[in-house]
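A.B. asks: Predicted model and sequence below, questions to follow.
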Amino acid sequence: MNSKIKIAVIGGTGKSGKFLVKKLLEQGFQLKILIRNPDNFKIKDSLVEVVKGDVANYSNVNVLIKDCQAVISTLGLGIPASEPTIFSKATTNVIQAMIEQNVLRYIVTTGLNVDTPLDNKSPKTLYATDWMKQKYPISTANKQSEFDILSNSNVDWTLVRLPLIEQTDETGEIMVSLEDCLGDKISATDLANFLIEQLFADKFVRKSPFIANV
């Protein structure tokens, strides 16, 4: 892959998605962005194509992914909030459209609360995981379902698990682990850079790395 490829972006107006879009444009990528309310999207750039729609609508997702070579999702519940089952619905639609459009690479973010077979979570991460399960049981269970859907698919997915995201242009050293979240936060800029790096790397294909700042 190279910077001439076109990237389908989901969640591009969210807290971390805005930083992802900024970095993708700085690096010269062409983008297609799915947005529920395009009037609220202020970026005017020849590299950006806006697709009006909702990730819960399969036909909207299919239009988004057409002519793209990879998909990156930083989907959150959004404002106004989507249904807490949006994560599994989104990934189901994305995978179906990817298969139809012959697209292989799917990079998606989620919380540190998602469990995988490789985990060896520290007491601190286990506490945070349990807190999320108790405080937000529906969305937390749905994010776990998203992992199961990815695991059973044939696409080249990477599920990036995150601590608290800090909305900052500052960057620092990051730690990556398949077993545990090794820090309390991640810079939105460092996250964006990591997601873009995964377009060209296969180290974490079909894996779920935690990333955090040192």
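C.D. replies: All right, it came through fine.

A.B. asks: gap between the two ends of stretch 41-55?
C.D. replies: Counting by CA to CA, to the nearest Å, you get 17 Å between the two ends of stretch 41-55.

A.B. asks: can you give me the offset of that stretch from its chain's centre?
C.D. replies: The offset between the C-alpha centroid of stretch 41-55 and the centroid of the whole chain comes to 17 Å, using CA atoms, centre = their mean, to the nearest Å.

A.B. asks: And that stretch, what's buried?
C.D. replies: Within stretch 41-55, the residues scored as buried using 16 or more other CB atoms under 10 Å are 41, 48, 51, 53-55. No exception for glycine: its C-beta is placed from N, CA and C like everyone else's.

A.B. asks: among these, which are in strands?
C.D. replies: When those are checked against strands using DSSP state E, the ones located there are 48, 51.

A.B. asks: any idea which of the buried residues of stretch 41-55 is closest to I7?
C.D. replies: V48 (10.4 Å; CB to CB).

A.B. asks: show me the contacts for the closest one.
C.D. replies: The neighbours of V48, taking CB atoms under 8 Å, 6 or more residues apart in numbering as the test, are 21, 25, 30-33.

A.B. asks: Can you tell me which of those has the most neighbours?
C.D. replies: V21 (26 neighbours; other CB atoms under 10 Å).

A.B. asks: quick check, it in a strand?
C.D. replies: No - when classified by DSSP: H, G, I helix; E, B strand; the rest coil, V21 is found to be helix rather than part of a strand.

A.B. asks: which residues sit in contact with it?
C.D. replies: Counting by CB under 8 Å, 6+ apart, V21 makes contact with 9, 12, 31, 33, 43, 48.
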